[in-house]
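> Here you go, sequence then predicted model.
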Amino acid sequence: MALYSIGDTHLSLGSDKPMDVFGGGWEGYVEKLSEGFAQVEPEDMVVLCGDISWGMSLEQAAPDFAFLDALPGKKLLLKGNHDYWWTTAAKMKRFFDERGFTTLDILHNNCHLYGETALCGTRGWFYEEEQDGHNEKVFNRELIRLEASLKAAGEREKLCFLHYPPRYQGYRCDEIIALLERYGVKACYYGHLHGGSHRLAVEGRQGSVEYHLVSADYLRFRPQRIWED
Ligand SMILES: [Fe+2]
Ligand SMILES: [Fe+2]
């Protein structure tokens, strides 16, 4: 039994936004993801840290879900800023059921237990969100979601998965960091950063929490192993 994480798969099998056009590491990224998942066993868990599919609806994202479902391991999905197909947890779960996507589940306003470890998380907040003026409502909703997820974990060991980095060179989201520390989160995994932004990522321990960037191009499309029994 092992736990993995990877973010930003940016799949486009049912829409027309393949990432290969960016060249470099993204060329052949769908095949690279398949190869990267070869290390995962069926009983393992992979947390997907947002920006999962370019699909604009569940229907359009379905080929991407089918691709992910066929990969080994259970996958826990959380929302990124590009996941326009995202809807209510009930609707997403019903859609997965109807299509027979048996390895996909949603991390949204809850926590998910894997062994004795609580997997918590939400989309998070990043300064780019402030471009249209600070949206207090959206920001507060993210804080409420994160706290609900951390509370649901009780006294268990907690890992937190976010799409947006809570820390970045020259940026820190104090409210999110305070929640991670207050609830004793051991490590936080995040995505969203691509290409040249990788070098500005915060890696390693800061305060009481360890931070790790897991965006797919940073990991060369190979899920990061967090622990194994
Ligand atoms: Fe992304
Ligand atoms: Fe993103």
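Thanks, I have it. Ligands and ions are numbered 1, 2, ... in the order given.

> now the spatially most central residue of the chain: how far from ligand 2?
By C-alpha atoms, centre = their mean, the mean C-alpha position of the chain lies nearest to residue 49, the distance being 0.7 Å. Counting by C-beta to the ion, to the nearest Å, the gap from residue 49 to ligand 2 is 9 Å. (Glycine included, C-beta is placed from N, CA and C.)

> Bridged to that residue, which residues?
Beta bridges link residue 49 to residue 78 when assigned by DSSP bridges.

> contacting residues for it?
Applying C-beta atoms under 8 Å, 6 or more residues apart in numbering to residue 49 gives the contacts 5-8, 78, 80, 121, 161-163, 189-191, 214-215.

> cool, and residue 127?
For residue 127, the contacting residues are 168, 171, by C-beta under 8 Å, 6+ apart.

> Tell me the first helix or strand C-terminal of the longest helix that the chain contains.
Ordering each helix of the chain by length in residues (DSSP state H) puts helix 136-152 first. Once the chain leaves helix 136-152, the next helix or strand it forms, by DSSP states H and E, is strand 157-162.

> Identify all contacting residues around that following strand.
Outside strand 157-162, the residues that touch it by C-beta under 8 Å, 6+ apart are 3, 5, 47, 49-50, 76, 78, 107, 111, 116-124, 146, 149-150, 176, 180, 183-191, 209, 226.

> Take the residues you listed and keep only those in strands.
Members of those lying in strands (criterion: DSSP state E): 3, 5, 47, 49, 76, 78, 117-122, 187-190, 209, 226.

> Can you narrow those residues down to the ones near ligand 1?
For ligand 1, no contacts are drawn from the ones in strands among the contacts of strand 157-162 by C-beta under 5 Å from the ion.

> and the residue nearest to residue 187 when sequence neighbours are not counted, how far is that from ligand 2?
Leaving aside its chain neighbours, residue 187 sits nearest to residue 210 (4.1 Å; criterion: C-beta to C-beta, 6 or more residues apart in numbering). Note on residue 210: its distance to ligand 2, by C-beta to the ion, is 21 Å.

> got the residues of this structure near ligand 2?
Contact residues, the chain versus ligand 2 (C-beta under 5 Å from the ion): 51, 80-81, 192.

> Make JSON lines out of those and add distance to ligand 1 and neighbour count.
Shown next, in JSON lines, are these (distance: C-beta to the ion, whole Å; neighbours: other C-beta atoms under 10 Å):
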{"residue": "51", "distance to ligand 1": "3", "neighbour count": "22"}
{"residue": "80", "distance to ligand 1": "6", "neighbour count": "26"}
{"residue": "81", "distance to ligand 1": "7", "neighbour count": "15"}
{"residue": "192", "distance to ligand 1": "5", "neighbour count": "26"}
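
> thought residue 65 was touching residue 101?
Yes - using C-beta atoms under 8 Å, residue 65 is in contact with residue 101, at 5.2 Å.

> give me every residue that touches residue 89.
Taking C-beta under 8 Å, 6+ apart, one finds 106, 108-110 in contact with residue 89.
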